[in-house]
Each structure stands twice: as structure tokens, then as C-alpha cells.
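1. A predicted structure for the sequence below; I have some questions about it.
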Amino acid sequence: MPKFLLRKWHGYHVIALFSVAVLFTGILTYFQWQVGLIGFASLGVVLFLIIRARTHFERDLSEYISTLTYRVNKAGEEAVTKLPIGILLYNEDREIQWTNPYLARLVEQELVGESISFFSSHLKDEVDKDKKRFLVEILDHNYRVFHEPNERLLYFINVTEEQEFKDLFEREKTVLGLIYLDNYDEVTQGMDDQIRSKLLTHVTDSLNRWSKEHDIFIRRTAADRFVAVFNEDSLKVLEENRFTILDEIRDNTAKEKVAVTLSVGIGSGESSLRELGSLAQSSLDLALGRGGDQVAIKEKNGKGRFYGGKSNAMEKRTRVRARVISHAIRDFVLESDKVFVMGHKNPDMDSVGAAIGMLKIAEANGKDGFIILNPNDVNQSVHKLLEEIEGHNDLWAQFITPEEAREEATDDTLMVVVDTHKPSLVMDPKLLERMDRTIVIDHHRRGEDFIDDAVLVYMEPYASSTAELITELLEYQPSQPDLDVLESTALLAGIIVDTKSFAIRTGSRTFDAASYLRSRGADTTLVQKLLKEDFDQYVRRSKLIEKAYIYSGGMAIAKGYSDESYGQVLIAQAADTLLTMNNVVASFVISKLDDGRVSISARSLGEVNVQVIMEMMDGGGHLTNAATQIDDLLIDEVEELLKEKIDEYFKGGQSS
């Protein structure tokens, strides 16, 4: 506490004591006037001392205030003129009215009258938004700006070093990668030990060179698995190079008459190694679910990025997994009171055929099964099949609406989702959320949007169709289900439609499944009847194809009339037809749907990954067969957007 304040504090007590002394002396004078006079004389001396002390106190106080005021003014002046913080005042027109010397020295010129955008256009944008705090870059330095809109005042604090440390931290963040040779077991099955060793040497040599070039720590954990540890800086370079290691491994091993492909799952953006490990494993599962031969990168809150995926998924030679899955499904069915089967919205032949096959598995295990179908949301291609089913009383009785399913669902009901894995695309998303146990069976490449907490997932991108997968599951059921002609034909029709009559995505197991269905009564003539199209549809498709033109690199693009809508099936058929033309490596058909959205159907022969292009437009599918639907854009705008994405793909932007 300052000395003069202590004096002030003591002064109050002295005055109080003096008053008491005067009162006491007055009383004493009344009784002993001689003593009283002496007392009053003493009090006079004391009063003199008090007045003197008071005078000294006021002088000290005045000197202290004068000194403090000077120091405060001096400190303020020093702060404004010498503190390494920029201060700027601007007027209503965003023109500079005054700056402190720090800012003037920064640019070495007169600033008064200049627009605040002189420093940075970003600065003016943020001021116009009345932002209170933001970052700007001025002359290669980073400044944190504090804005007082009411005073039209800006403070600039140099945070360049702080930003550099942050950037360094971000660049040095740990990234974890899991590398898997996704077809190693298949290509080396029955292979001579010497050839297998030579093949693995090609792979490890390529990975070691790659790791040294990009400063990656890599260790082999199994014959077909590796762990890689690196940082965000290395990851950035790898993404710029589009992970050429994928092509290098495939090309090098192809010299040994077999092509080994890599799947890489990468986790980034987290400081916890445990979290990075989870993200890396999730990314690897995603890459494998999309068919392998690609890199998947996931951050905790970011959108996944994908590179590669240039080859079709290799068909598995062993049926062990199909048998194991079939028995697992049987166990889940036996534990349930009933089975619901649900496909995607606007179901096609594969979706309905696979649902019927799953229905037969439930019946073979003594459980009631029901197929959920919205009669107002049915693909035109399945109308003839549904007409046949309506004449089949026993089968038609097992088709129910989503509303009926919600009423009959219990805690013990098993839900089986076929031909899709995206919760947003199922027939009834709300019903899916209610179910405690869900099985997913699909042949599409896995996307980020996936059904959570499924008790069993059977996804095989190598398969031609979900109907093929369900047919194999039927074969391995302990109690062989009874398939009649219509049921087996529906499954065969699903395979034929998705393979374009066994022309694409067809493996040996596809023919095995078709053979099994044929032996169970599938009628190929009935299939042709179900797949017949109207003459008017054929003419409309021809007119749509007539408008096609060739874009960059053999990309055929056809666009429907803006005032006319087309069905999804017709659009897909037009894309298939375009693909049969000379010099066409991929086809895209753009058209309005009946609901007002703009749809794109994309097809390729394998040289171009149309799935990646469609994923850039929030769609999906397969390497050779994909699609998307877009809201809130005109058909001409969608055409320009498609061209942009095609250009981006060929420039190396094969990520989504």
C-alpha cells in the first residue's frame, strides 16, 4: 500500500482520538480548571501537529497523482508508438484514417486514405462481415486481427511463428497405414514354393523402395500384410502422386504371369495411435469392400478419399466363405420369430430375385419370411415379374408393405437387406432403424454410407449380382429349399440382367449359380418374357442415343430433353447400348426422372472407373457400372458438372 494511503488511514484514527480527548478535557476543566487549561494547551499542540501532517499528506498525494498520470500517459504513448502490435482506425467507407507507427513501418509508405484492402482483400471481407477475430496474411506474415466494429478499430498481432509451429505440428502428425495383398492367397494357391518366393520378393522390393523414397517406416506382419508409419507430409506427396505403388506392384508381379494387387487402409488426423489404428483398419475394410486394388484414407470427421481401383475385383476360387456365411445365416434365422427381407428403393430384377431367394432360406428353416415392397415405388423393369408373382398366390401372400412390416415387427425379428448397403437407399429407412438385428448381403463396392451395427455382412464385389450370392447360400443350406419355376427364374433373371446376359462381370461361379438354378427349374424362355420391352420404350431409347456425342478420350455422353422425363431402366439401357459403339470406352446418359431429379447412368469396359466419377457426384456403383441422382440442378448444369468431373478424373483426381 502506498505510504500516503497509510497516512490517510492512520489520520482518521487520530481525529477520532482527538475528539475524544477534547470531550474528556472539557469535563476535566469543569471539575479542575487548572488541569483543564494544561490539557487544552496540550491539545493545541496536538492540533498543530495534525494540521501539519494533513498538509504534508495533501502535498504527497498531489505529487503521487501527478507522477502516476505522467507515467500512464507515457506508457500509453509508448504502447501506441513502440509496441509490436499494429493499430488501425478506418471510416465508414473502409478507408484508413490513422495507423500507429508499427503498421507504417511494415509497409514503408503513407497509409491514410488507402482502402483497408490495401493489406489484404481478405481483411476487407472479414471486416464487412463484422467478424471480431480472424487471420490474414500480409507480406508473407500471418497476423491475428482483433476487430472492434463499433469503434472501427483493428489490432494486428504477428503470429507467424505460432502459425509455423502449428503447420510443423500438422505436417509431422503420425499417419498409420495397413497394407494387404488382397489376392495373394488366390494367385499363389498351388504355386511352386520357388515361384511364390520370387513373387513375394518382387512385392517386398517394390514396397521397400517406395518406403525409402517417401520416408516411410514399413514392417511385414504376415505373408500378405504390412504396417506402415509415416507423417502427413509424406501422405500429401503420396496423394499428389496418386499412390503409383499400386500400379508398380501390379505391373511388376504381372511379369510372373500373375498380378498381385494391394489394398491400403490409412488413418490420419488423430494424435492417438489407438484411434489411428481403428481408422486404418476401417479404411482397409472399406478398400476391400470396394473391390481392392486401391487406397482408402479416413480421418475422424473428414470425408473418405480413394485412389486406384483400376482393376475388377478378383473372383474367389474357394467357396468356403459362402458355406460359412450360409450356416451363420441359418443360425440367425433359427433364433428369430420371423424374417423380413428388404431391398433398395425402386427395386430392380436383382433386388426382387435376391429377396425371393432369401425368403426360401427362411422357409427352409421353418420360419415365416416376408418381402417388404412399396407398390408405389417399383422399377418398371420388374412389372412383368410382379404380375407373374401376383398369379402365384402363396408367394404373393409373403409380400407386405412397409406400413404392415412396422406393425408386425418384434424385438426377435431378423431383417435381411439385399442388393444395397446404404441405409439411405433401403425401402424403409425408419423400419431399419427399429430393427435390433440386421444382415447385409450385397455385391456393390462398399461406400462410406453403411448400415451400422449389422450382425452379419456378406459383401463380395467380385460377384455379378446379389442373386448369385443368394443362390450360393441356398446351395449350402442343410435343408435344401424347394424352389418352384417362378422362384428360380426370378433369381436367374436377376443374374442375367446384371451381367447383360453373361457379357460383363461374369465369372465361373456365375455360371455355376445359373446352372444350379436351371437344375431347379429356372425357365430361360420365361426370363426372356420377363425382360421384354415395349416398342415405345425402344423408340424413346433410340432417340436418346441419337443425341450422343464423344467427349474427351472416348467418353460418350447422351443427354435427354429438358422437358421430358425418362425411367431409370431406359437410361441404363441407353448407356449399355452406347458402350457397344466403336471407340467408346465409357458412356454416360443424363436425363430427368419422373420425380424431377436428374439421373446419370454410367458404363465402362474397365479402362475407366466410372464408380469414382459417379462418387465425385455423390453417387456410386461398380468400376464398370455406376449411377447418381442430383437434386436442384438443371440438366444442362449437370452435363457441365459431369464434364468437369471427367476432366478431373483424367488429370489424376481419382479420389472422392
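-> On my side now, so go ahead.
2. Next up, identify which helix or strand Leu276 is on.
-> For Leu276, the host element (DSSP states H and E) is helix 273-289.
3. now that helix: how far from the chain's centre is it?
-> Relative to its chain's centre, helix 273-289 lies at 14 Å (CA atoms, centre = their mean, to the nearest Å).
4. Stretch 473-484 too?
-> Put simply, stretch 473-484 sits 40 Å off its chain's centre (CA atoms, centre = their mean).
5. what is the mean pLDDT for stretch 546-566?
-> Average pLDDT, stretch 546-566: 89.
6. what's the span of it from first residue to last?
-> 15 Å (CA to CA, to the nearest Å).
7. Okay, buried residues for it please.
-> Using 16 or more other CB atoms under 10 Å as the test for burial, stretch 546-566 gives 548, 551, 554-560, 565-566. Just so you know, the C-beta spots here come from the backbone N, C-alpha and C atoms, and that holds for glycine as well.
8. Stretch 533-544 too?
-> 540-541, 544.
9. where's the closest residue to Glu256 other than its chain neighbours, which helix or strand?
-> Leaving aside its chain neighbours, Glu256 sits nearest to Leu199 (5.3 Å; criterion: CB to CB, 6 or more residues apart in numbering). Of the helices and strands defined by DSSP H and E, Leu199 is found in helix 193-213.
10. tell me the centre residue of this structure?
-> Lys303 (2.3 Å; CA atoms, centre = their mean).
11. can you tell me how far Ile325 sits from Ala259?
-> 27 Å (CB to CB, to the nearest Å).
12. next one: Leu395
-> If you go by CB to CB, the gap between Leu395 and Ala259 works out to 44 Å.
13. now swap in Arg445 and tell me
-> Arg445 is 19 Å from Ala259, by CB to CB.
14. With Gln480 instead?
-> According to CB to CB, Gln480 stands 38 Å off from Ala259.
15. Compare neighbour counts for these two and give me the winner.
-> More neighbours surround Ala259 than the other of Gln480 and Ala259, with 17 against 12 (other CB atoms under 10 Å).
16. For the more buried one, give me the pLDDT.
-> 79.
17. out of everything not next to it in sequence, what's closest to Tyr184?
-> Per CB to CB, 6+ apart, closest to Tyr184 is Asp224, 4.0 Å.
18. What pLDDT does the model give that neighbour?
-> pLDDT, read off for Asp224, is 89.
19. That one reaches Leu178, doesn't it?
-> No - using CB atoms under 8 Å, Asp224 is not in contact with Leu178, being 11.4 Å away.
20. When the two are compared, which one has more neighbours?
-> Legend: neighbour count by other CB under 10 Å for Asp224 and Leu178, higher for Leu178 (23 against 18).
21. In contact with Thr99, which residues?
-> Thr99 makes contact with 86-89, 111-112, according to CB atoms under 8 Å, 6 or more residues apart in numbering.
22. and it, what are its bridge partners?
-> Leu88 (DSSP bridges).
23. Keeping just the C-alphas, turn the helix or strand that the helix holding Leu276 is followed by into CSV.
-> Scanning forward in sequence from helix 273-289 by DSSP H and E, the next helix or strand is strand 294-299. The C-alpha coordinates for strand 294-299 follow below in CSV (Å, rounded to 0.1, in the frame of the first residue of the first chain):
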residue,chain,number,x,y,z
GLN,A,294,-7.0,-49.2,-54.1
VAL,A,295,-6.1,-46.9,-51.2
ALA,A,296,-8.7,-45.6,-48.8
ILE,A,297,-7.9,-42.7,-46.4
LYS,A,298,-10.1,-41.8,-43.5
GLU,A,299,-10.0,-39.0,-41.0
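24. Please identify the buried residues of strand 294-299?
-> 294-298.
25. Name the strands paired with that strand and say parallel or antiparallel.
-> strand 262-268 (parallel), strand 305-308 (antiparallel).
26. Could you say which of these is packed most deeply?
-> Stretch with highest mean neighbour count among the strands paired with strand 294-299: strand 262-268 (a mean of 26; mean count of other CB atoms under 10 Å).
27. can you list the residues that contact it?
-> Contacts of strand 262-268 (CB under 8 Å, 6+ apart): 173, 175-182, 228, 232, 235, 243, 245-246, 249-250, 275-288, 292-299.
28. Please state the offset of that strand from the chain centre?
-> Distance, stretch centre to chain centre, for strand 262-268: 15 Å (CA atoms, centre = their mean).
29. looking only at pLDDT, what's the mean for that strand?
-> 92.
30. If I take it and helix 273-289, what angle do their directions form?
-> With axes from the mean of the first three to the mean of the last three CA atoms, to 10 degrees applied, the angle from strand 262-268 to helix 273-289 works out at 150 degrees.
31. pull the CA atoms of strand 262-268 into PDB?
-> C-alpha atoms of strand 262-268 as PDB (Å, rounded to 0.1, in the frame of the first residue of the first chain):
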ATOM      1  CA  LEU A 262      -2.600 -54.100 -53.000                       C
ATOM      2  CA  SER A 263      -5.300 -52.700 -50.700                       C
ATOM      3  CA  VAL A 264      -4.100 -49.900 -48.400                       C
ATOM      4  CA  GLY A 265      -6.100 -48.500 -45.400                       C
ATOM      5  CA  ILE A 266      -4.800 -45.300 -44.000                       C
ATOM      6  CA  GLY A 267      -5.800 -43.500 -40.800                       C
ATOM      7  CA  SER A 268      -4.800 -39.800 -40.300                       C
END
